[in-house]
Structures are given as C-alpha cells and as structure tokens.
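Colleague: Task: produce atomic coordinates for the following.
(chains A, B, C and D)
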There are 2 protein chains.
Amino acid sequence: MTLHHDIARKLAEAGIPLTSQRLLIACELFAEHCHLSADELLLRVGSLTPDISRATVYNTLKLFSQKGLVQELVVDNGKRVYDSNTAPHPHCYNADTGELTDVHQPLQLAGPLPELPPGTALERVDIIVRVRNVA
Amino acid sequence: MTLHHDIARKLAEAGIPLTSQRLLIACELFAEHCHLSADELLLRVGSLTPDISRATVYNTLKLFSQKGLVQELVVDNGKRVYDSNTAPHPHCYNADTGELTDVHQPLQLAGPLPELPPGTALERVDIIVRVRNVA
DNA sequence: CTTCCGGTTTAGACTGTGTCTAAAAACTGA
DNA sequence: TCAGTTTTTAGACACAGTCTAAACCGGAAG
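Modeller: Okay, here's the model as predicted:
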C-alpha cells in the first residue's frame, strides 16, 4: 500500500479519473501538510519531470478544489494557495513575511451566524489571524 | 462645513499632506460605505477629471491604509479592495458573484486567541462568511 | 523675483499570476 | 482499427499591481 495507491484511491473516491500528471501533482500536494501556490507546485513537479505544463497544474488544482480534495484560499499578497487540510480550521497570516500557517487550536464563533443575503447559502467561514513581526 | 473640509481634516489628523488628488480619491472613498478596488476607484475618479494617474491611485490607497484611514482586504478573486469602515467587522463574500458586503452584526470569537508564532504580534482577525448562490 | 529642494504625480514599461485557445496526444468502447 | 471523448500542452493573452525616471509643484532661501 504505497503512497501512490493511497492517493489513487483518494482521487477515485472523488470521481476524478487518474492520469500520471494528476498523480504526481496530488503526491506533492498531500506529501506534507503545507500551503502551496500553483507556481511553487509547478516548480516542484517540474524538477521531477519536464513533462507537466503550467496549464495542467492550474487546471488540476482547480479541479481538486472543486471536488473538495483541497481548500483554495487567498490572502493578502493575492496569491492563491492550496491547503491539503480540508477540515475547517483557522489560519495565521504573517503580513510581513507572507507566511501562512495552520492554526490547530479550533476557533469557534460565538453566537449564531448572521442572516445571509437572500438567495445564498453558506459555504464556509474563513477565520484569518493576521500578525506582524515585532520590531 | 462641507464634505471636503471634513475629509481634509481627516487627512490632516492622519498626518497626510493634502493634495488635490488625495482629496478627490478620499472623497470617492468615503462618500458611500462600500468596498472599492483600485481600478474601480480609478474609473470613478477618472470620469471626473482626466488628471489622476493609475500610479497615484495605487500609491494613495496604500498610503491611506498604512495610516489607518481605510482597511485593505483581499478575497477570493485576488483583488484588493478598500473598506472605509476601519472598525473590525466581519465580511460576507459571494463566491459566485465576487460581491463583498459588510456584516453589521458583530461576530465574536469564542474562547481565547491561539498562541501566536514567536516574534509576532496580533494585527487583526479577519472573519469572512463565504456564501454561494442557491440554484 | 528667481532658485533650489523635497515631496508628489505621471506615463509607460515591466512583473507576476492566472486564463484562454487551438491543436496534439492519450484514452475508451465498439 | 476507428471514431469520439477527455486530457494535456505551448503559447498567447488579460489583468492587477509595481517600478522607474522624469516632470511637476509649492514653499523657503537668497
């Protein structure tokens, strides 16, 4: 039961047909619990094989996030990063370094959610703790 | 006591020397409580006079947010928008339309904040309620 | 009044991130 | 094998934002 088999099963469960490119991308993405941008991922995958194009990386990441395999999030620098931890959890963003980390301690909201605009349904609630380096 | 005087005083209190461009930009920004991106603002100001360049709009918005006159925030589409309401308050983001609105009902966090990474200080906590259009 | 000088504005080139398109390649089922 | 569909690809494109070097402006000094 290698990591590859594990990931292949994950993709199959999400209804995503397996291709070699998707396998490689997923492998990088799930290997460590971290937040990767499309270009960082392209760099990593590209250093393994020269055979994966930029468009494929972007397409695949979008597909994965649509299927709920990863969580897409955007912070201050305007870059999209993909989090392989799909459980709802808050993030910590360092506005000086741009570093984004998970907050493992659960942060709950006190009280009920506000009434949503008519015609809309809740997707999720993002909580981002913004910090700065102290001088 | 016109709106212009009001805004001029606001800038002065923040230690920002007054210029005609800054006055116009601030005027648009504070006129209605809304969330404007740099390009939208450029469009609005540009329709009044042809005399304000893109670089100035970007510079001015950055200056204003550094001085605490507006709050800069980034959501899913990767665009920066500027909120003239600087009090901490949650936002509602429609992932289908890209629309960003204020949530006036205060949402508090239950429990204490997590311990921050060493060497950092809290700036603020962003809460974004993500919704989608129902089918 | 003229000159100087710092801060401000400007046009336009540039960068980085993400999207689109049309064609090639790789599957799939008959 | 063949046709039809899905996937991948390279490269052009779009957009938001930054950078740079020059022009501009207003006040202080001479």
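Colleague: can you map out the strands along chain A?
Modeller: A:35-37, A:71-74, A:80-83, A:91-94, A:100-102, A:108-110, A:120-133 (DSSP state E).
Colleague: wait, isn't A:P114 in contact with B:H91?
Modeller: No. Taking contacts as CB atoms under 8 Å, A:P114 lies outside contact range of B:H91: 10.6 Å. For the C-beta atoms, the positions are set from N, CA and C on the backbone; glycine is no exception.
Colleague: where do the contact lists of the two overlap?
Modeller: B:V103, B:V129 (CB atoms under 8 Å, 6 or more residues apart in numbering or on different chains).
Colleague: and A:L100, bridged to which residues?
Modeller: A:Y93 (DSSP bridges).
Colleague: Check what pLDDT it gets.
Modeller: We have a pLDDT of 90 for A:L100.
Colleague: Run through the residues of chain A sitting next to DNA strand C.
Modeller: A:P17, A:S20, A:S37, A:A38, A:D39, A:R54, A:A55, A:Y58, A:K62, A:G78, A:K79, A:R80 (CB under 7 Å from any atom of the strand).
Colleague: Mean pLDDT per helix and strand in chain A: which one sits at the bottom?
Modeller: Ranking every helix and strand in chain A by mean pLDDT, DSSP states H and E puts strand A:108-110 at the bottom, with a mean of 73.
Colleague: Pull the residues that contact that one.
Modeller: Contacts for strand A:108-110 (CB under 8 Å, 6+ apart): A:V125, A:I127, B:L107, B:Q108, B:L109, B:A110, B:G111, B:I127.
Colleague: Widest-spaced pair of the residues you listed?
Modeller: Using CB to CB, the two most remote members of the contacts of strand A:108-110 are A:V125 and B:G111, lying 15.2 Å apart.
Colleague: Have a look at these two and say which one is more surrounded.
Modeller: A:V125 (19 against 11; other CB atoms under 10 Å in any protein chain shown).
Colleague: so what's the more buried one up against?
Modeller: Applying CB under 8 Å, 6+ apart, we find A:V125 in contact with A:P88, A:L109, A:L113, B:I127, B:I128, B:V129, B:R130.
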